[in-house]
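1. fold the stuff below for me.
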Amino acid sequence: MSLINTALEELLDTTLDSRTKGVPLGETVTVRDIGTRGWHVARGDLALPVTTLSADALSHNIETMAEYCRRHGALFAPHGKTTMAPQLFWRQLDAGAWAMTAATPTQASVMRRFGVPRIIVANEITDAGALRWAAREMARDDDFELHFMVDNPDAVALSDAVIEDEQVRRPMRVFLEVGVTGGRCGVRNAVQAKAVAHAVAESTHLQLLGVESYEGLVTSGATADDLADVDRHLTTVRDVLIALDRQGFFPGDEEIYVTAGGSSYFDRVVSVLGDWTDYHRPVSLILRSGCYLSHDLGKYHQLSPLDGRRPIDEDLTLINALEAWATVLSVPEPDIAILSSGKRDVAHDLSLPTPLRVHHRDGTTTDLRDTSAEIYKLMDQHAFMRAPGVTIMPGDIVSMGLSHPCTAFDKCSFIPVIDKDTKVVDAVLTYF
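-> Numbering: from 1, shown residues only. Sure thing, here's the model as predicted:
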């Protein structure tokens, strides 16, 4: 049995009980049997609070982004840090993803544990232990590829020296990162870029594969000025690639790769970095969007070019798959309900959850989306909801939309997957 099949089979055989948040109290079940229990989250069959994924929305988003990349001739290396869910990694790979992206060596090791054959670490690696692990993985499996970022000649020398001891038979191919002034990693100008590329060329065990950046550091808005700023940065990335190529830093006539693309501005990445038809050698664009998988009802709902910024002639669209669920604990004042979900349970770094529905104890449902209902405060284990004119009783269940999938998934080691009737049909495990 292959590595991936063995690892996923072991995952599906994982036994869960109430030590895992969301599993019904007193129940013991394996992941593979979750869908046979007939549990309905809106009926209160799970131990709340819990966060769920819509099965239909998940499948829709996976195919939507795969089709977007096909239409624009882009390779896809979705950012796995969003979910850290191996079951979802393989759904993305099976849909045509060229690689998976990680933010840290530990995340990459999880991906490798589940058989991911090509990984981009969208970060510098300067930890000797992580470099040794990466080199050993490549030495152990000639088909495995791991790429990471470089932005400093000293770091290049460090990487080369560590890898020297691991007897890797082929070079580790790296991306030169172009950063943003005042931002995080990455070179800030052409002089620095040339110095780093020269260090890679002089190294024994590294080879320059291409140029990388993350345009989401430029802005968080959607005005014409914001988008123009993003385009200017991406044009700089393109200029760096061309300059390094002219200076002979890419070996032979091999394909060059340029990679960028978060979940807010990947249309701008395609526009500026996607067309190389008139260039003298092949250049391929790799998009790295991650939050598209579940989408959300906050930041990406507003900024995605397949949702809030979707052009009128764009027929592809992403839809929200994430919902958080909580029980009404108390109605201590008029129009105020206290819910059983707090900062430990839901994303709150960008905005507070959005109330969607009340599932009443009598089986009826009240839609909150066109009301003035709001979550206005979170504590560790409590949410404060104001819902004028809505009848809410203790024991009712409230579903909520979330903003920022990255900080929604990392609060849940167990995420039920539900159908349109809120029946639990599957579950994914996360490894943060």
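
2. for E374, give its distance to I336.
-> Counting by Cβ to Cβ, to the nearest Å, the gap from E374 to I336 is 11 Å. Glycine gets a C-beta too; all of them are placed from N, C-alpha and C.

3. wait, E254
-> 63 Å.

4. so what sits against both of E374 and I336?
-> M385, R386 (Cβ atoms under 8 Å, 6 or more residues apart in numbering).

5. which of E254 and I336 has more neighbours?
-> Neighbours were counted for E254 and for I336 using other Cβ atoms under 10 Å; I336 has more, 15 against 12.

6. hmm, H382 and that one touching each other?
-> No - the pair I336 / H382 is not scored as a contact, 11.6 Å apart, by Cβ atoms under 8 Å.

7. SS state for S330?
-> Assigned by DSSP: H, G, I helix; E, B strand; the rest coil, the conformation of S330 is strand.

8. contacts only, for it.
-> Counting by Cβ under 8 Å, 6+ apart, S330 has contacts A337, I338, P394.

9. by neighbour count, which of those residues wins?
-> A337 (26 neighbours).

10. tell me the bridge partners for it.
-> M385 (DSSP bridges).

11. can you map out the helices along this structure?
-> Taking DSSP state H, the helices of the chain run over residues 3-12, 55-72, 86-94, 105-113, 128-140, 153-164, 190-202, 224-246, 266-273, 299-303, 406-409.

12. which one of these lies closest to W325?
-> Within the helices of the chain, the stretch nearest W325 is helix 406-409; the backing value is 12.5 Å (Cβ to Cβ).

13. list of residues touching that closest one?
-> 51, 81-85, 290-291, 294, 296, 322, 324, 346-350, 402, 415, 430, 432.

14. what's around the residue nearest to F148 when sequence neighbours are not counted, how many residues?
-> Using Cβ to Cβ, 6 or more residues apart in numbering and skipping the chain neighbours, the partner closest in space to F148 is V121 (4.2 Å). Here the count is done by other Cβ under 10 Å, and V121 has 22 residues near it.

15. nearest residue to A190 other than its sequence neighbours?
-> A243 (6.1 Å).

16. what's the burial count for the closest residue to T235 other than its chain neighbours?
-> Spatial nearest neighbour of T235, chain neighbours left out: V272 (5.9 Å); criterion: Cβ to Cβ, 6+ apart. Neighbours of V272 under the rule other Cβ under 10 Å: 22.

17. from memory V272 sits against R232, does it?
-> No - look at V272 against R232 with Cβ under 8 Å: they stay out of range, at 9.2 Å.
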